[in-house]
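Chemist: return atomic coordinates for the entry below.
(3 chains)
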Amino acid sequence: MLELRLVQGSLLKKVLESIKDLVNDANFDCSATGFSLQAMDSSHVALVALLLRAEGFEHYRCDRNMSMGMNLNNMSKMLKCAGNDDIITIKADDGSDTVTFMFESPTQDKISDFEMKLMDIDSEHLGIPDAEYHAIVRMPSAEFARICKDLSSIGDTVVISVTKEGVKFSTRGDIGSANVVCRQNTTVDKPEEATVIEMNEPVSLTFALRYMNSFTKATPLSNTVTISLSSDLPVVVEYKIAEMGYVRFYLAPKIEEDEDETKP
Amino acid sequence: MLELRLVQGSLLKKVLESIKDLVNDANFDCSATGFSLQAMDSSHVALVALLLRAEGFEHYRCDRNMSMGMNLNNMSKMLKCAGNDDIITIKADDGSDTVTFMFESPTQDKISDFEMKLMDIDSEHLGIPDAEYHAIVRMPSAEFARICKDLSSIGDTVVISVTKEGVKFSTRGDIGSANVVCRQNTTVDKPEEATVIEMNEPVSLTFALRYMNSFTKATPLSNTVTISLSSDLPVVVEYKIAEMGYVRFYLAPKIEEDEDETKP
Amino acid sequence: MLELRLVQGSLLKKVLESIKDLVNDANFDCSATGFSLQAMDSSHVALVALLLRAEGFEHYRCDRNMSMGMNLNNMSKMLKCAGNDDIITIKADDGSDTVTFMFESPTQDKISDFEMKLMDIDSEHLGIPDAEYHAIVRMPSAEFARICKDLSSIGDTVVISVTKEGVKFSTRGDIGSANVVCRQNTTVDKPEEATVIEMNEPVSLTFALRYMNSFTKATPLSNTVTISLSSDLPVVVEYKIAEMGYVRFYLAPKIEEDEDETKP
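Modeler: Coordinates of the predicted model:
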């Protein structure tokens, strides 16, 4: 039997909003340690990994490991029916083909039960090895989202270049070109406004803006985003979920000659 | 001659917004006692009844009974041109084929006259007998609107079940099912936040969510909504208009076997 | 070489938003005295004239007169990437076929360069003689915008009639007619809320609402708008840009017999 009670239910709503446009169907894996998901996007280019650790739930009971296949769009429809202050409990019986989302209003005057059918989804769990990255940039998540959106009005791809001084985002399109430079800046009033660069060697990589913009749907989850870059590895765009875990997006860099590959 | 001056003109704007999607053309009936309307929706399933009592107007002159046929969409276009703080006066000469809406800004610096053509509309006035209902639920109107909207993302119909403890709204659709229970609760800080149930006998009735969602367009008119249910009568969904009258919506319950009747 | 630094960069963003729907491509003219533009709208009915005086810029360098042809839609896309608090600098080398917009965040932590291709645009500069107008109306710009929008829901043209007492805006359409009268009012708390009429002789002229609505896109530039009318001249609708210049729109009145000319 599974029973996961999350007082800050709005977190789960935001998690779904951050991944539902990228992934249609996915298995949520429950174990004694946490509630997690790993899935490729529908065009098999990007990878999403989600972890919500057991300690982050007010009540966490998972008698044995379960994998529950869900349509994320339907799940999102149901979670949207939870109020932002509601407590959300995820419930499933062993071997059941449904999952129940229970929403309790803060006053306990309104209790909702939404029961959703589960799906059988084939998936292989990719092992993601820990890696050393050439450069790791931590910056305000809203700033990163704004830059990706702005550059999308000019071009289809973004070149992310990191030096000790800062990180540069560049694009080029029919109407012209654009460069946005964010300087390293650690002397800010609020730590979440800092732009911090850890660099072993300079790196310059090209990515499809369409995916970057998808990733930034996770912006409401965290004030900061961490971008980890190596020339021979997929970039990792990570949004930490306060004291509970993370949503991470992985995307392979584009080879220069293939610049138009992901054009719609 | 007709001259009805309403200081709180925004009320009339809200009334029109609450009924214009349900009813295309309707006769407004003016008498010495008030300004009223009764009309079936365009698919002849739901009935709307509006009353604005003479006492609620700052100035109310209606020399003889008049019935004015109006296109509610056009009337709404004109009323949207009134500012929210404007005083609205409805004027018509006896036998005229036009009605004039006059808007005065609070400072009297801007005066607008909108003249609209009247229409001939056949309509029979239904007598709605006073009835005893099995159960009457009074609840916050925003809560009722939220529940109807939420359940619409899952199914097409709602079962409303009332017991002494509370009122349950249920639906079922392709992706799963949902139950929302609101408990009777009279110990709230503000009386308009209470959920109050008067029940003679338990009742459980099924309605098309499409109509319920239409009715909730009247939510801005009142903080509370009253839902009156009997197994052999149309439900009445009533929004009181402070000290002036009401908008009431009537809808026949669906017979279980006909559950798909009103599907689009 | 050209280098124009505008601390209040949001002004330039608002200027572009005010004219980009009316004009597709236009030459910006730079001289020692200022940055200006004059262009017909794409259907050659209305004329736009913009002036930003050199004194209004924090830094203004223009070594020799330049005329830079720009696609206003593309220029607007780039300026939308500037933050509302950003400092904007316009840069161009002599003889270059590109212009660069540089955006600096208030903290200087984010610096963006957007480079746009210039175009060759044929244009003749019309001399607009100073004229005496029969009537000049100054009124709150938001009020004027609201009236033009409201009347558009009823008709296609507006008759603007000025007397000593006030200004009347009238329209007529299939569903009825409308008159909005704004009285002269100079005894207001804030000067920008005044409606002030200078009149030599009464005037009543008809204009296409479609253009008037386009002009009101400039509303965010100024709290007041000035409308100058003469029976034998195009109307001038002017939005002053604080201490820097103006955006002016010119539109010829419609001859009564031609009332349907500009219908879509």
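Chemist: could you list the contact residues of the stretch 101-250 of chain A toward chain C?
Modeler: Within the stretch 101-250 of chain A, the residues that sit near chain C (Cβ under 8 Å from any Cβ of the partner chain) are A:143, A:150-151, A:153-154, A:175-183, A:185, A:195. The C-beta positions use only the backbone N, C-alpha and C, and glycine is treated the same way.
Chemist: quick check: the farthest pair among these?
Modeler: Spanning the widest gap among those are A:Ile175 and A:Asn185, at 30.3 Å by Cβ to Cβ.
Chemist: now for A:Ser36, how many residues are close by?
Modeler: Counted with other Cβ atoms under 10 Å in any protein chain shown, the neighbours of A:Ser36 add up to 17.
Chemist: hang on, it packs against A:Ala26?
Modeler: No: if you go by Cβ atoms under 8 Å, A:Ser36 and A:Ala26 don't touch, sitting 10.5 Å apart.
Chemist: coming back round to it: okay, and which of the residues of the stretch 101-250 of chain A next to chain C map to strands?
Modeler: Taking DSSP state E, the ones among those that sit in strands are A:176-183.
Chemist: could you dump those residues to JSON lines with neighbour count, pLDDT and distance to C:Ala208?
Modeler: Shown next, in JSON lines, are these (neighbours: other Cβ atoms under 10 Å in any protein chain shown; pLDDT from 0 to 100; distance: Cβ to Cβ, whole Å):
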{"residue": "A:Gly176", "neighbour count": "22", "pLDDT": "96", "distance to C:Ala208": "35"}
{"residue": "A:Ser177", "neighbour count": "18", "pLDDT": "98", "distance to C:Ala208": "39"}
{"residue": "A:Ala178", "neighbour count": "27", "pLDDT": "98", "distance to C:Ala208": "38"}
{"residue": "A:Asn179", "neighbour count": "18", "pLDDT": "98", "distance to C:Ala208": "43"}
{"residue": "A:Val180", "neighbour count": "23", "pLDDT": "98", "distance to C:Ala208": "41"}
{"residue": "A:Val181", "neighbour count": "17", "pLDDT": "97", "distance to C:Ala208": "46"}
{"residue": "A:Cys182", "neighbour count": "23", "pLDDT": "97", "distance to C:Ala208": "47"}
{"residue": "A:Arg183", "neighbour count": "16", "pLDDT": "95", "distance to C:Ala208": "50"}
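Chemist: out of the residues of the stretch 101-250 of chain A next to chain C, who's nearest C:Asn84?
Modeler: A:Asp150 (13.3 Å).
Chemist: name the nearest residue to that closest one, ignoring sequence neighbours.
Modeler: C:Cys81 (3.8 Å; Cβ to Cβ, 6 or more residues apart in numbering or on different chains).
Chemist: wait, is that neighbour part of a strand?
Modeler: No: going by DSSP: H, G, I helix; E, B strand; the rest coil, the assignment for C:Cys81 is coil, not a strand.
Chemist: pretty sure it sits against A:Ile175.
Modeler: No: using Cβ under 8 Å, C:Cys81 is not in contact with A:Ile175; the gap is 12.0 Å.
Chemist: between the two, which has more neighbouring residues?
Modeler: In this view C:Cys81 and A:Ile175 are compared by other Cβ under 10 Å, and C:Cys81 has more residues nearby, 22 against 19.
Chemist: which parts of the stretch 151-264 of chain A are strands?
Modeler: A:157-162, A:166-173, A:176-183, A:196-199, A:203-208, A:224-229, A:235-241, A:245-251 (DSSP state E, counting those that start in this stretch).
Chemist: please apply the same query to the stretch 1-150 of chain A.
Modeler: Along the stretch 1-150 of chain A, counting by DSSP E, counting those that start in this stretch, strands occupy A:2-6, A:25-30, A:34-40, A:46-53, A:59-62, A:66-71, A:87-92, A:98-104, A:110-117, A:135-140.
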